[in-house]
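Visitor: Pasted the sequence and its predicted model underneath.
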Amino acid sequence: MTILVTGGCGYIGSHMTWTLKDQGRDVVVFDNLSTGFTNQIPADVPLIVGDIDDQALVAKVIDDHNVEAIIHFAGSIVVPESITDPLGYYLNNTVKSRSLIENAVKAKLKAFIFSSTAAVYGNPQDTSRPLIEDLALDPISPYGSSKLMTEIMLRDASRAYGLRYAALRYFNVAGADPKGRTGQSTPEATHLIKVANQVALGQRERLAVFGTDYPTPDGTCIRDYIHVSDLAAAHALALQVLLDGQDSFVANAGYGQGYSVLEVVKAVREQVNGAFDVEMTDRRPGDPAQLVADSSRLRSLTGWQPEHNDLDQIVRDALNWERHLIEQSVSG
Ligand SMILES: NC(=O)c1ccc[n+]([C@@H]2O[C@H](COP(=O)([O-])OP(=O)(O)OC[C@H]3O[C@@H](n4cnc5c(N)ncnc54)[C@H](O)[C@@H]3O)[C@@H](O)[C@H]2O)c1
Ligand SMILES: O=c1ccn([C@@H]2O[C@H](COP(=O)(O)OP(=O)(O)O[C@H]3O[C@H](CO)[C@H](O)[C@H](O)[C@H]3O)[C@@H](O)[C@H]2O)c(=O)[nH]1
C-alpha cells in the first residue's frame, strides 16, 4: 500500500517521508511548494506538485498510486501571521483540509493522520501538570482555531462515514534528522530554536526574547520541545495501529518536559561555546505562558517511546542542519 504525505516537502513532512522510506514503505508526496523544498525528500519518492484542494488531482493520485492512507501535514503554521490573516489560515488549514478529508472519505481510505497542535488548548489556566487531551479546548489564535475545526471535521467524518483517523497535537517540534538528510530550511522561520541557531551562526542579527513577565520561574514562556524524528516515528506507529484496527484517536505529542526561552538560549550557547546577543522585548501576541504535554495516551495506544528526548541533541541536530544550509548556500 502507498501512503500519501501532504506537505511532504516541508519540515516535518520531509522527516516523515524519510522515516517511511527507511521502513520500506511506498510513499507519494503531494505539496504545492509554498514553503516546501523539493530537495528534502528522497530522490526516488514521487512528488506531485499541487494544492490539496484540487480534488480531481488528489483523486487521481490516490488512484494512480494505490494510496490507502494519508498523512496530512500541508498547512500554514505561523501563529502571529494567523492573527493578521485569519481568513488565509481558515482557508488553507480548515477549508482545504475539508476538501482533502472528502477525498479520503470518497476513496474509502483506511487511515488519515492529521497534524494538529498544542495551540488548540489556548492559554491553559492550570499549568501545575502537563496537559491532557480532555481539557477544555480554547485556542487563542486563528491558527489554533483553524486546526481545532479540522479536528472536529475529522471526528464527525469518522462518526458519519467511518473514516479512521488520528489527530496528533504536536507541541514544539524542533531538531533535524540525525543523519543530516533534512531539516528546517525556511530562512525566515520564526521558531525559537531555529532563530537562536541562526543568530549563533551569524545568519541573523539578533534574537528577541518575547516577554519576560510571564508567570513562569524566569518570566519567559515554557514549551515542550519534541525532536522531529521522534514525532515522525509517532506518526508511523499511529498509522500502524489504525491499520491494525485501533479506533480513531486524538493524542498529544510531546515529552512532558518544559524548557523556558532562556533555558533554550543557554542550551544553544553551550553548543556553540559562545555568547550571542539576545534582546528582551515585549510579549508576542498569541503566546500562552506554558505548554507541556502529557503524552500517556500516545504512548499507551501506540507503544511510542522517544529516542531523542534531549534538548542538547535537539539543538545539536538543528545546528548541524543549519551549518549544512550555510555550506549549501556558499557552494551554490
Ligand atoms: N512546526 C511545528 O512546531 C508544528 C507544531 C504543531 C503543528 N504543526 C503542523 O505540522 C504541519 C507541518 O508543519 P511544518 O513545520 O513542517 O511546516 P512547513 O511549512 O515546513 O510544511 C508545510 C508544507 O505544506 C505545504 N503546503 C502548505 N499549504 C499547502 C496546500 N494548500 N497544498 C499543498 N501543500 C501545501 C508547504 O509547501 C510545505 O511543504 C502543519 O500542518 C503544522 O500546522 C507544526
Ligand atoms: O524569536 C523568537 C521566537 C520564539 N520565541 C518564544 O519562544 C517560544 C516558542 O516559540 P515558537 O515560535 O518556536 O513556537 P510556538 O510555541 O509559538 O508555536 C509552535 O507550537 C505551536 C503549538 O504550541 C504551534 O503548533 C506552532 O505551529 C509552532 O510553531 C514562545 O514563547 C515564543 O514567544 C522568542 O522568544 N523569540
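Guide: Ah, there it is. Ligands and ions are numbered 1, 2, ... in the order given.
Visitor: Contact partners for the residue of the stretch 151-300 of the chain found nearest ligand 2?
Guide: Going by CB to the nearest ligand atom, ligand 2 is nearest to residue 221 of the stretch 151-300 of the chain, at 3.0 Å. From N, CA and C alone the C-beta is placed, and that goes for glycine too. Residue 221 is in contact with 210, 211, 214, 260, 261, 287, 288, 289, 290, counting by CB atoms under 8 Å, 6 or more residues apart in numbering.
Visitor: So what's the gap between the helix or strand bottoming out on mean pLDDT in the chain and the chain middle?
Guide: Least confident element among the helices and strands of the chain, by mean pLDDT, DSSP states H and E: helix 79-84 (a mean of 91). How far helix 79-84 lies from its chain's middle: 17 Å, per CA atoms, centre = their mean, to the nearest Å.
Visitor: is it fair to say residue 57 lies in a helix?
Guide: Yes - Residue 57: assigned to a helix according to DSSP: H, G, I helix; E, B strand; the rest coil.
Visitor: In contact with the nearest residue to it once chain neighbours are set aside: list those residues for me.
Guide: Distances taken as CB to CB, 6 or more residues apart in numbering place residue 50 nearest to residue 57, at 4.7 Å, with adjacent residues excluded. Contacts for residue 50 (CB under 8 Å, 6+ apart) come out as 30, 31, 32, 57, 58.
Visitor: how close does residue 50 sit to residue 319?
Guide: In this view, residue 50 and residue 319 are 34 Å apart by CB to CB, to the nearest Å.
Visitor: so how far is ligand 1 from residue 148?
Guide: Distance, residue 148 to ligand 1, using CB to the nearest ligand atom, to the nearest Å: 12 Å.
Visitor: and the helix or strand hosting residue 105, anywhere near ligand 1?
Guide: With secondary structure defined by DSSP states H and E, residue 105 is part of helix 96-106. Yes - contact of helix 96-106 with ligand 1 (CB under 6 Å from any ligand atom) involves residue 96.
Visitor: low pLDDT regions in the stretch 201-332 of the chain?
Guide: 332 (pLDDT under 70).
Visitor: Which stretches in it count as strands?
Guide: 207-210, 222-223, 225-227, 249-253, 259-260, 278-281, 290-291 (DSSP state E, counting those that start in this stretch).
Visitor: picking that back up, which ones among the contacts of residue 221 come in contact with ligand 2?
Guide: Near ligand 2, by the rule CB under 6 Å from any ligand atom, you find 210, 261, 287 out of the contacts of residue 221.
Visitor: Now the buried members of these.
Guide: 210, 261, 287 (16 or more other CB atoms under 10 Å).
Visitor: And for the first one, nearest residue in space, chain neighbours not counted?
Guide: Taking CB to CB, 6+ apart, and ignoring the residues beside it in sequence, residue 210 has residue 284 as its nearest neighbour in space, at 3.9 Å.
Visitor: Go ahead and confirm that neighbour touches residue 83.
Guide: No - here residue 284 lies out of contact with residue 83, judged by CB atoms under 8 Å, at a distance of 9.7 Å.
Visitor: Would you mind listing what in the chain touches ligand 2?
Guide: Counting by CB under 6 Å from any ligand atom, the residues of the chain that sit close to ligand 2 are 77, 79, 117-119, 170-172, 190-192, 195, 207-210, 221, 223, 261, 284, 287, 291.
Visitor: redo that, cut-off 5 Å
Guide: Neighbours of ligand 2 within the chain, by CB under 5 Å from any ligand atom: 77, 79, 117-119, 172, 190-192, 195, 209-210, 221, 223, 261, 284, 287.
Visitor: ok, and which of those residues reach ligand 1?
Guide: Okay, of the residues of the chain next to ligand 2 touching ligand 1 (CB under 5 Å from any ligand atom), that's 77, 117.
Visitor: just the buried members of the residues of the chain next to ligand 2?
Guide: 77, 79, 117-119, 172, 191-192, 195, 209-210, 221, 223, 261, 287.
Visitor: which of those residues sit farthest apart?
Guide: 117 and 209 (22.2 Å; CB to CB).
Visitor: what sits up against stretch 91-101?
Guide: Residues contacting stretch 91-101 (CB under 8 Å, 6+ apart): 6, 51-53, 55, 58, 70, 72, 74-76, 112, 114, 143, 146-147, 149-150, 153-154, 157, 163.
Visitor: let's go with 7 Å and repeat that
Guide: 6, 52-53, 55, 58, 70, 72, 75-76, 112, 146-147, 149-150, 153-154, 157 (CB atoms under 7 Å, 6 or more residues apart in numbering).
Visitor: Can you tell me which of those are classed as buried?
Guide: 6, 52-53, 58, 70, 72, 75-76, 112, 146-147, 149-150, 153-154, 157.
Visitor: From these, pick the one nearest residue 26.
Guide: So of the buried ones among the contacts of stretch 91-101, ranked by how close each gets to residue 26 (CB to CB), first place is residue 70, at 13.4 Å.
Visitor: Could you verify that that closest one is part of a strand?
Guide: Yes - applying three-state DSSP, one finds residue 70 inside a strand.
Visitor: and it, what does it touch?
Guide: Residue 70 neighbours (CB under 7 Å, 6+ apart): 4, 6, 100, 104, 109, 112.
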